[in-house]
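Fold the following and give me the result.
(chains A and B)
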Amino acid sequence: MTPLAGYLLLSAMLFAIGLAGALTRRNAILVLVGIELMLNAANLNFIAFWRFGSNPEALTGFMFVLFAIAVAAAEAAVGLALIIAIYRQYRTANVDQVEEMKG
Amino acid sequence: MTPAFALIAILTIASAVAAMTFRNLVHCALAVALTFVGLAAAFLQLDAQFAGLAQILVYVGAVAILIVFTVLLTRGGEPGNDPVFSARWLTGAAVAVAVFGVVAGCVMASGFTNRDAGNAPEITVKQIGEALMTKFVLPLEVLGLLLTAAMIGAVIIAMKDAGRKTRVEDGGWKMEPANPPSSILHPPSSSGGKP
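Numbers count the residues shown, from 1 in each chain, chains lettered A, B, ... in the order given. Model (predicted):
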């Protein structure tokens, strides 16, 4: 079986890719996708630590992932609704062009 | 490292990179769905069958479809030949690389991460249900409230301005007519917001 480090490195890599996407993409949808990738990387960490931990029968890390999946789904729904509202107002989903509150 | 894990890792990372770099947004959405499938496979590898199947149901079944719908609804705003990355992409990429370096260094330096897993835990759906109804019942209720609020909020945010209530002289309320579709397609430039 793969050691814990393999899963942690995969999760770190996914987090870095999601962070890079959220920081550099100009389209708001892709920024949200990057945030989803980061959340998923955290979920993978939870599951890996739960599986390799000393007491997996307590189900703590597992339950945390179930709740995190539900919260992330709610976040995605609200975030995409906001993007649609912004698109209606500005006719663009480009985060660089929505700069009304820029000082 | 088993071949199965190597395959899953390569699939997940390659599709994540593709999702973040493709120009066509529909391709990005399909690539991110593939990433979610890869993560579900990793969950299954870790003997978390319930979480893996929930991941497929929620992410591949719902979130990816939601992303595709949003891409299709915001079609007009796609960049033709504009760059897909922002002007200061180098800073963002450097931050991401630095974060990965720090996390990976910590993982490698830790002695804890070399341990092997014990026997696969026998987790049945019955046990999960019992835990949800006893130990985790308060978070479950809060989560139900949160999902309801998020659903109502998302519908209200994305809803069209279907007429605005205004106060009239005799104390009652009057509904203003909704915007005709033409004003949605071609908004007046004063309310466009973009200079």
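
can you tell me which residue is nearest the centre of chain A?
In chain A, the centroid-proximal residue (CA atoms, centre = their mean) is residue A:36; its distance is 2.5 Å.

For residue 5, list the residues it contacts.
The chain I'm using is chain A. The contact partners of residue A:5, by CB atoms under 8 Å, 6 or more residues apart in numbering or on different chains, come to B:107-108, B:113-114. Every C-beta, even on glycine, is put in place using the N, C-alpha and C of the backbone.

Actually, chain B is the one I wanted.
Contact analysis of residue B:5 by CB under 8 Å, 6+ apart lists A:2, A:6, B:42, B:45.

Filter the contacts of residue A:5 down to the buried ones.
For those, a burial check counting by 16 or more other CB atoms under 10 Å in any protein chain shown picks out B:107, B:113.

now the strands for chain B?
Taking DSSP state E as the test, the strands found in chain B are B:165-167, B:173-175.

Mind telling me which of those the model trusts least?
When the strands of chain B are compared on mean pLDDT, strand B:165-167 scores lowest, with a mean of 57.

In chain A, what residue comes closest to chain B?
Nearest to chain B in chain A, going by CB to the nearest CB, is residue A:23, at a distance of 3.0 Å.

pretty sure that residue is touching residue B:96, no?
Yes. If you go by CB atoms under 8 Å, residue A:23 and residue B:96 touch, sitting 6.6 Å apart.

Look at those two and report which has more neighbours.
residue B:96 (22 against 19; other CB atoms under 10 Å in any protein chain shown).

buried set for the lengthiest helix in chain A?
Ranked by residue count, the top helix of chain A under DSSP state H comes out as helix A:60-90. Neighbour counts over helix A:60-90 (16+ other CB under 10 Å) mark A:60-70, A:72-87, A:90 as buried.

The residue nearest to the centre of chain A should be in a strand, yeah?
No. Counting by DSSP: H, G, I helix; E, B strand; the rest coil, residue A:36 is not part of a strand but helix.

Low-confidence stretches in chain A?
Confidence mapping of chain A against pLDDT under 70 gives the ranges A:1.

again with chain B
B:76-80, B:161-195.

so what's the residue in chain B positioned nearest to chain A closest to, chain neighbours aside?
Across chain B, the shortest distance to chain A (CB to the nearest CB) belongs to residue B:92, at 3.0 Å. Computed as CB to CB, 6 or more residues apart in numbering or on different chains, the closest residue to residue B:92 that is not its neighbour in sequence is residue A:23, at 3.0 Å.

what residues are up against the one you found?
Residue A:23 touches A:34, B:89, B:91-93, B:95-96, counting by CB under 8 Å, 6+ apart.

10 Å - rerun?
Contact analysis of residue A:23 by CB atoms under 10 Å, 6 or more residues apart in numbering or on different chains lists A:31, A:34, B:85-86, B:88-89, B:91-96.

With residue A:48 instead?
Contacts of residue A:48 (CB under 10 Å, 6+ apart): A:2-8, A:10-11, A:61, B:42-43, B:45-46, B:48, B:113, B:117.
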